[in-house]
Each structure stands twice: as C-alpha cells, then as structure tokens.
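In: test case, fold it:
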Amino acid sequence: MNRRLLLLLPLVGFLVLAFFFYRGLSLDPAHRDSALLAREFPAFNLVTLEDPERRVDESLLKGQVTLVNVWGEWCPACKWEMPQLLDLEEHGVRLVGVNYKDTRMKGLEFLEEFGNPFEINIFDPDGSLGFELGVYGAPESFLVDRDGFIRYHHAGYISPEDVRHFLQEVDKWQ
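Out: Take a look at the predicted model:
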C-alpha cells in the first residue's frame, strides 16, 4: 500500500504544478495594479526632451490633475495611442510625457511625425524614472492628482475605447 502511495506522489505533484502554470498563463500582466497607487509620484530631477538645459522635478505634477504617459520612439504601441493622447489633450487633460530609454533626436523626430500632446516631456534616457515607477514597458500611463499622488495606472496602449474612461478618471480627481 505504501508503495502505491509513493508512486502517486510524483503524479500529484505534477498535477499541482501543471495547475499553477496553466493559471499563470491565463493572467494578463497588463491588468496588474501599480504598487504606487495612492502614493506620491517618485522624486526625480531630470531635463526636458525639448530643452537639455531645463530641469524639472516632481513639483511639476502638483497643482492640477495630470496624466503622465511613458513612451518611446522604439515603441509601436506608442504610435498607435498618439491619436488618443491628442484627443485627451483636446478635451483639456493635462499631459506630461516621459520619453523612456530613447535618444533625444529620435524622441523629437517621433513628436514631429506623430504630434505632441504633452505640455512637457521629461527625458529619461537611462530609464531611472521608469524604474522608480515600476514600468516594465511602454506605453504606460499614470494619473496624478493635484497633490502629486498616483490615483490610476494603465499599462499598455490607450485605445480609442479607453478615452472616455480616462476622461471619467480625470473628472473624478479634479
């Protein structure tokens, strides 16, 4: 009897592992919550993409609700979401960009080609601010309230259907 039980143990172990692997494959990493929700936007001191002499810090995000969008020229989804960001800008949403792991020249060319909905673009060539935000890829967006706290996080591309939701989130935190 004990011998049968010993033969079943590897099978039971395999089935348990198979269940967890299967479950893990069904999870969508784009729908994870940010660990920074309800926390202050991380401190930073970086230059802007447009002007290498102009430094900005987290105080830039205080005083009004702001959508911070992490993007890069190398990111195909960033190109797809640009019309939606331009639409949000037209609806009066304040947007600040974080040009993530890019070169200045390529970032500026991207904005020239696809439009620039951003009030300011923070230049983050080494990804240090992105690291502090927990970014694992572009695009990612963070809604920051007027006190500088992150209130909403969206991983991935902002689709045309997402625009209405973003407008509701902005209104909620005004």
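In: can you tell me the closest non-neighbouring residue to the residue nearest in space to the middle of the chain?
Out: Per Cα atoms, centre = their mean, the C-alpha nearest to the average position across the chain is that of residue 140, at 1.8 Å. Nearest residue to residue 140 in three dimensions, chain neighbours excluded: residue 70, at 4.6 Å (Cβ to Cβ, 6 or more residues apart in numbering). From N, CA and C alone the C-beta is placed, and that goes for glycine too.
In: using PDB, write out every CA atom in stretch 46-58.
Out: The C-alpha atoms that make up stretch 46-58 are tabulated as PDB, following Å, rounded to 0.1, in the frame of the first residue of the first chain:
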ATOM      1  CA  LEU A  46      15.700  65.300 -15.000                       C
ATOM      2  CA  VAL A  47      16.000  67.600 -18.100                       C
ATOM      3  CA  THR A  48      13.200  68.000 -20.600                       C
ATOM      4  CA  LEU A  49      13.400  66.400 -24.000                       C
ATOM      5  CA  GLU A  50      12.900  69.700 -25.800                       C
ATOM      6  CA  ASP A  51      15.500  71.700 -23.800                       C
ATOM      7  CA  PRO A  52      18.500  69.900 -22.300                       C
ATOM      8  CA  GLU A  53      19.200  73.000 -20.100                       C
ATOM      9  CA  ARG A  54      15.700  72.900 -18.400                       C
ATOM     10  CA  ARG A  55      15.500  70.700 -15.300                       C
ATOM     11  CA  VAL A  56      12.200  69.600 -13.900                       C
ATOM     12  CA  ASP A  57      11.200  67.600 -10.800                       C
ATOM     13  CA  GLU A  58       8.100  66.100  -9.200                       C
END
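In: contacts for that stretch?
Out: Here stretch 46-58 makes contact (Cβ atoms under 8 Å, 6 or more residues apart in numbering) with 40-45, 97, 99, 104, 107-108, 111, 120-124, 128-129, 148.
In: same thing but at 6 Å, please
Out: 41, 43-45, 99, 107, 120-123 (Cβ atoms under 6 Å, 6 or more residues apart in numbering).
In: any regions of this structure where pLDDT drops low?
Out: 1, 5-7, 12-13, 15-36 (pLDDT under 70).
In: now the strands for this structure?
Out: 45-47, 55-57, 66-71, 94-100, 120-124, 140-144, 150-155 (DSSP state E).
In: test my guess that the residue nearest to the centre of the chain contacts residue 156.
Out: No - using Cβ atoms under 6 Å, residue 140 is not in contact with residue 156; the gap is 7.2 Å.
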